[in-house]
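Student: here's my sequence, what's the structure:
(one chain, ligands or ions: 1)
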Amino acid sequence: MTAESRPLPDYAHEFDGRVALVTGAASGIGLAVAARLAAGGAAVALADFNEEGVRAAADEIHRTTGARTLAVRVDVTDPDSVEAAVRATADDLGALHLAVNNAGIGGESAPTGEYPVDAWRRVIATNLDGVFYSMRHEIPVMLAGGGGAIVNMASILGTNGFRGSPAYVAAKHGVVGLTKTAALEYAAQGVRINAVGPGFIDTPLLASADTVARDTLITLHPAGRLGRPEEVAELTVYLLSRRASFIHGSYHLIDGAYSAQ
Ligand code: NAI
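Tutor: Numbering: from 1, shown residues only. As a prediction, this is how the structure comes out:
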């Protein structure tokens, strides 16, 4: 049997008995991650600002996978709301082993010298403060339960600049640094923490881009296309799994060679 013809391992029960929390799970990458975790056997809390969307997503994932799901309304810019969402997950699903801190917004496009201050605050509050608040409340619950794994959704813009997106780029660089620091702090206590850096992915976040901008974004990726949410989910779920047991504190690109140039 050649390596190519060997069947892929069956990961259908990889997360049996595990409880996961995914923020920003009503749409795009978060939705794909939640669905993939449920397909792997996890009970999944889907948390989002969009209450109706997240309830529909949780119902649909339960229907198609049979996994236990919970819809939670959360505003990641509010630490009390994040604390309540983590508590609801642990209370309703019995534990918290896995978390994906993914909720994020694109924000306005303007050069730094003209960037609206309120837009700056909104993007930093969602994309950076939200990841801190999430880890701030997830980590103690994971420690109390004997350990866990966290993935923070950064971006290729966690290491590269991008004209017109100073707040988004600053927030994503912050997420990478925060990930490394928390990973150092908890590596010996059984909580693995990593970041994922997607290139441009075909989700509603990009839907506002007009056709020209979308074509321009595609040309930035030597692979010749945008990424798919399911592709990011696959990497994310791998990092959460026991297969990644020695991967701590690192930032994993998935970008069609965008940043290899
Ligand atoms: P999306 O717009 O499809 O989904 C984001 C979700 O986050 C939405 O369901 C939204 O309701 C939720 N959300 C926004 N603000 C929130 C808040 N304050 N509290 C709770 N939920 C909130 O976007 P997408 O593309 O799936 O993005 C997910 C993550 O991936 C974001 O952190 C984004 O920065 C990151 N990312 C996206 C890329 C892309 O090209 N689409 C590229 C690299 C990273």
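
Student: quick one, helices of the stretch 151-261 of the chain?
Tutor: For the stretch 151-261 of the chain, the helices defined by DSSP state H, counting those that start in this stretch cover 166-186, 204-207, 211-219, 229-240.

Student: what residues of the second one count as buried?
Tutor: Taking 16 or more other CB atoms under 10 Å as the neighbour-count basis, helix 204-207 is seen to contain the buried residues residue 205. (Each C-beta comes from the backbone N, C-alpha and C, glycine too.)

Student: flag the shaky bits of the chain, pLDDT-wise.
Tutor: The model of the chain has pLDDT under 70 over residues 1-10, 208-212.

Student: residues of it that sit close to the ligand?
Tutor: Taking CB under 6 Å from any ligand atom, the part of the chain that reaches the ligand is made up of 23-24, 26-30, 48-50, 74-77, 102-105, 126-127, 153, 155, 198, 200-201, 203-206.

Student: name only those of those residues that count as buried.
Tutor: 23-24, 26-30, 48-49, 74-77, 102-105, 126-127, 153, 155, 198, 200-201, 203, 205.

Student: which ones among these map onto strands?
Tutor: 23, 48, 153, 198 (DSSP state E).

Student: adjacent strands (with direction) for the host helix or strand of residue 99?
Tutor: Element membership for residue 99, per DSSP states H and E: strand 98-101. Partners of strand 98-101 in the sheet, by DSSP bridges, are strand 19-23 (parallel), strand 148-153 (parallel).

Student: which of the ones in strands among the buried ones among the residues of the chain next to the ligand sits closest to residue 221?
Tutor: Using CB to CB, residue 198 is the member of these that lies nearest residue 221, at 10.8 Å.

Student: check contacts around that closest one.
Tutor: 29, 153, 155, 156, 227, 232, 253, 254, 255 (CB atoms under 8 Å, 6 or more residues apart in numbering).

Student: for residue 134, same thing?
Tutor: 23, 76, 82, 86, 99, 101.

Student: from those residues, which single one is nearest the ligand?
Tutor: residue 76 (3.9 Å; CB to the nearest ligand atom).

Student: that older thread, now distance to residue 13 too, for the contacts of residue 134, in a markdown table please.
Tutor: What follows is the contacts of residue 134, written out as a markdown table (distance: CB to CB, whole Å):
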| residue | distance to residue 13 |
| --- | --- |
| 23 | 25 |
| 76 | 31 |
| 82 | 30 |
| 86 | 26 |
| 99 | 21 |
| 101 | 25 |
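
Student: quick one, phi/psi of residue 159?
Tutor: phi -130, psi -20 (degrees, to the nearest 10).

Student: what is the neighbour count of it?
Tutor: For residue 159, the tally of surrounding residues (other CB atoms under 10 Å) stands at 15.

Student: so how far is the ligand from it?
Tutor: 12 Å (CB to the nearest ligand atom, to the nearest Å).

Student: that concludes my questions; thank you for your assistance.
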